[in-house]
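A.B. asks: Structure for this input, please:
(2 chains)
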Amino acid sequence: MTDTPQIATFPIYMDNSATTRCDPRVVDKMVPYFGEIYGNAASRNHAYGWAAESAVDEARSQVAQLIGAHPKEIIWTSGSTEANNLAIKGVAEMYSKKGRHLITCVTEHKAVIDPMKHLEQQGYEVTWLEVDGAGRIDLGQLAAAIRDDTLLVSLMFANNETGTAHPVAEIGKLCKERGVLFHTDATQAPGKLPIDVEAQDIDLLSLSAHKFYGPKGVGALYVRRKNPRVRLAPILDGGGHERGMRSGTLAVPGIVGMGEAARIAREEFDQEVARMTALRDRLENGIRKALPDSVINGDVEHRMPHLSNISFPYVEGESLIMGIKDVAVSSGSACTSASLEPSYVLKSLGLGDELAHSSIRFSLGRFNTEAEVDYVVDLVVKEVTRLREMSPLWEMVQEGIDLSQVKWTVH
Amino acid sequence: MAYSDKVLDHYNHPRNVGALDKDAQDVGTGVVGAPECGDVMKLQIKVDEESGRIVDAKFKTYGCGSAIASSSLATEWLKGATVDEALAIQNTSIVEELSLPPVKIHCSVLAEDAIKAAIADYRSKRGAAGQSATAAQAPAAAGDGTAS
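C.D. replies: Residues are numbered from 1 along each chain as shown, chains lettered A, B, ... in the order given. Okay, the predicted model is just below:
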């Protein structure tokens, strides 16, 4: 604690579940594709096109290897939002004669929830699974929800707010047994959790490059080719790129970057997970030691190694973020929006609004250091203590008042 | 979200954080808001009975930076004001002084509510004291009156 921490940049970035910095190796690999290698990957008649196509093929292999797929099963998209839309709407439209029922969960990202709601408006039926206090689904409930006319189960690999990992392999096995397609939004998972579309029986899987040190604006959808062969109605019609599932000239520099990011995520997986886990534990232990009543949200047994969502009772999240402005993090409180609604994900875990309003998501990344974690622990402890001195709720609790029994003037 | 310099100043150096004795007859306490809404303000005033002026004001706030700043500013304005002047403080003045954006106007409303609640509490204590004096002890009071 006595040595001066070597911290290069303020604010310290701990919002890696929002986005990551491009790895310098990724940037280096992309640069030529903004310059001399500028061909259209769909140009079959000349060397410019061949060079671009060969770069795209290499990236396709890298992304396929990251998830245990065949390169031909990778469809490039603009990111996870598009991949999720394509998977959900594409399956619903393609198989609408077979059935009109889909299953998902209340803690999904908006990029899954909103396409599902869109389908509901079009006459499809969606079952919304609830979660327990740790954000876990009940496999029995999932099994009971599957019907003869169920087309698709869409459940995320790991949650972006809490880090809770769903039992993907069990879900995949169940879906396979019941003959239902399984889509998983794996946006948060690369480099954090092992992904294997074969072992985990996944039929469709969404990825986004910028969540694992690749560039923004590029992603992919894995679409299973065999056992079963999954077909999708495209959202974008046009030149018939990507096996007709996603027309549009390929964004070659971004794709090259995503390929390199996938290679690094796969090759450095073990050391990265070990490092993230150590940093995350250091952060949580440091905070919990000084503030024992802070609450770690989500499933501490089954979760991603880099993310910690912590509620600081009696302190409001936005004011805490303001106090710890030397660190870039996310709050579970959406007080900045007119609705004043706290996070729907935390609420669905059964967290009281007050705890949801008091939560901060720390998501660590490849470029964080121990010195940064130590600095952040000290800062958070200091600021939570200061804000508690200012908090009427903390004062009431010190006086032995049960906050749940207080009659508040709800406004 | 960008905060104004005045909000930041109040947030970083809040004025008059603390508590007054809520059972004291010359102290009025207002607690408004709710934890599930993301803000709770407790505002207290101490009134000099003779002059009717607020001689001290304290607050504690659970809420965003704008809520903390609104209540901190309110205590500054309350100190030295008469109760009637305090009642005239409007949320729009707080919005103006702190340059609050539209999504934060509710913070100023809450501060105004807290001021009014604290004054109402003070007045009800005074009223209760006065009422008990006039209602329960009316004959005695009348007797005192004639005696003096």
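
A.B. asks: Helices of chain A, start to end?
C.D. replies: A:24-30, A:47-67, A:80-94, A:110-121, A:139-145, A:168-178, A:252-267, A:269-290, A:317-323, A:344-348, A:353-357, A:370-389, A:392-398 (DSSP state H).

A.B. asks: Name the residues of the third one that are buried.
C.D. replies: I take that to be helix A:80-94. Of the residues in helix A:80-94, those with enough neighbours to count as buried (16 or more other Cβ atoms under 10 Å in any protein chain shown) are A:80-92. Any C-beta I mention is one placed from the backbone N, CA and C, and that applies to glycine too.

A.B. asks: Stretch A:14-29 too?
C.D. replies: Using 16+ other Cβ under 10 Å as the test for burial, stretch A:14-29 gives A:14, A:15, A:16, A:17, A:20, A:22, A:23, A:26, A:29.

A.B. asks: How about stretch B:53-63?
C.D. replies: Residues of stretch B:53-63 classed as buried by neighbour count (16+ other Cβ under 10 Å): B:53, B:54, B:56, B:57, B:58, B:59, B:60, B:61, B:62, B:63.

A.B. asks: among those, which are in reach of chain A?
C.D. replies: Here is what survives when the buried residues of stretch B:53-63 are matched to chain A using Cβ under 8 Å from any Cβ of the partner chain: B:60, B:61, B:62, B:63.

A.B. asks: So the last one is in contact with residue B:107, correct?
C.D. replies: Yes - counting by Cβ atoms under 8 Å, residue B:107 is a contact partner of residue B:63 at 6.8 Å.

A.B. asks: any residues in contact with both of the two?
C.D. replies: Counting by Cβ atoms under 8 Å, 6 or more residues apart in numbering or on different chains, the shared contacts of residue B:63 and residue B:107 are residue B:39.

A.B. asks: Can you confirm whether the lowest-mean-pLDDT helix or strand in chain A lies near chain B?
C.D. replies: Using mean pLDDT, DSSP states H and E, helix A:353-357 stands out as the lowest-scoring helix or strand of chain A, at a mean of 80. Yes - looking at helix A:353-357 against chain B by Cβ under 8 Å from any Cβ, the contacts come from A:353, A:354, A:357.

A.B. asks: remind me which residues of the chain are low pLDDT?
C.D. replies: With no chain named, the answer covers chain A. A:1-6, A:332-341, A:410-411 (pLDDT under 70).

A.B. asks: meant chain B, my bad for not saying
C.D. replies: By pLDDT under 70, the low-scoring segments of chain B are B:1, B:129-148.

A.B. asks: just the helices in it please.
C.D. replies: With DSSP H as the definition, chain B shows helices at residue ranges B:5-12, B:65-78, B:83-87, B:91-98, B:105-131, B:138-147.

A.B. asks: Deepest-packed of these, please.
C.D. replies: With neighbours defined by mean count of other Cβ atoms under 10 Å in any protein chain shown, none of the helices of chain B is more surrounded on average than helix B:65-78, at a mean of 27.

A.B. asks: and that helix, what does it pack onto?
C.D. replies: In this structure, helix B:65-78 packs against helix A:317-323, helix B:5-12, strand B:39-47, strand B:54-62, helix B:91-98, helix B:105-131, with contacts taken as 3 or more Cβ pairs under 8 Å, 6 or more residues apart in numbering or on different chains; DSSP states H and E.

A.B. asks: Let me have the ones you listed in a markdown table, adding distance to residue A:256 as columns.
C.D. replies: Output for these, formatted as a markdown table (distance: least, Cβ to Cβ, whole Å):
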| stretch | distance to residue A:256 |
| --- | --- |
| helix A:317-323 | 36 |
| helix B:5-12 | 43 |
| strand B:39-47 | 48 |
| strand B:54-62 | 49 |
| helix B:91-98 | 49 |
| helix B:105-131 | 48 |
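
A.B. asks: For residue A:268, which of the ones you listed is the nearest?
C.D. replies: If you check each of these against residue A:268 by Cβ to Cβ, helix A:317-323 wins as the nearest, at 30.9 Å.

A.B. asks: Could you give me the buried positions within that closest one?
C.D. replies: When burial is assessed from 16+ other Cβ under 10 Å, helix A:317-323 yields the following buried residues: A:317, A:318, A:319, A:320, A:321, A:322, A:323.

A.B. asks: How about the contacts made by the last one?
C.D. replies: Contact analysis of residue A:323 by Cβ under 8 Å, 6+ apart lists A:383, A:386, A:387, B:11.

A.B. asks: okay, now the first one: neighbour count?
C.D. replies: If you count neighbours by other Cβ atoms under 10 Å in any protein chain shown, residue A:383 ends up with 21.

A.B. asks: same thing with the second one?
C.D. replies: Under the neighbour criterion other Cβ under 10 Å, residue A:386 is assigned a count of 16.

A.B. asks: go on, residue A:174?
C.D. replies: Based on other Cβ under 10 Å, the number of other residues close to residue A:174 is 19.

A.B. asks: and it, how far is that from residue A:103?
C.D. replies: Distance from residue A:174 to residue A:103, counting by Cβ to Cβ, to the nearest Å: 11 Å.

A.B. asks: Residue B:47 now?
C.D. replies: Here residue B:47 is placed at a distance of 62 Å from residue A:103 (Cβ to Cβ).

A.B. asks: what does the least confident helix or strand of chain A contact?
C.D. replies: Contacts of helix A:353-357 from elsewhere in the structure, counted by Cβ under 8 Å, 6+ apart, are A:295, A:297, A:311, A:313, A:316-317, A:332-333, A:335, A:342-343, A:346-347, A:393, A:403, B:35-38.

A.B. asks: I'd like to know which of these are buried.
C.D. replies: Taking 16+ other Cβ under 10 Å as the criterion, what is buried in the contacts of helix A:353-357 is A:297, A:311, A:313, A:316-317, A:332-333, A:335, A:342-343, A:346-347, A:393, B:35-38.
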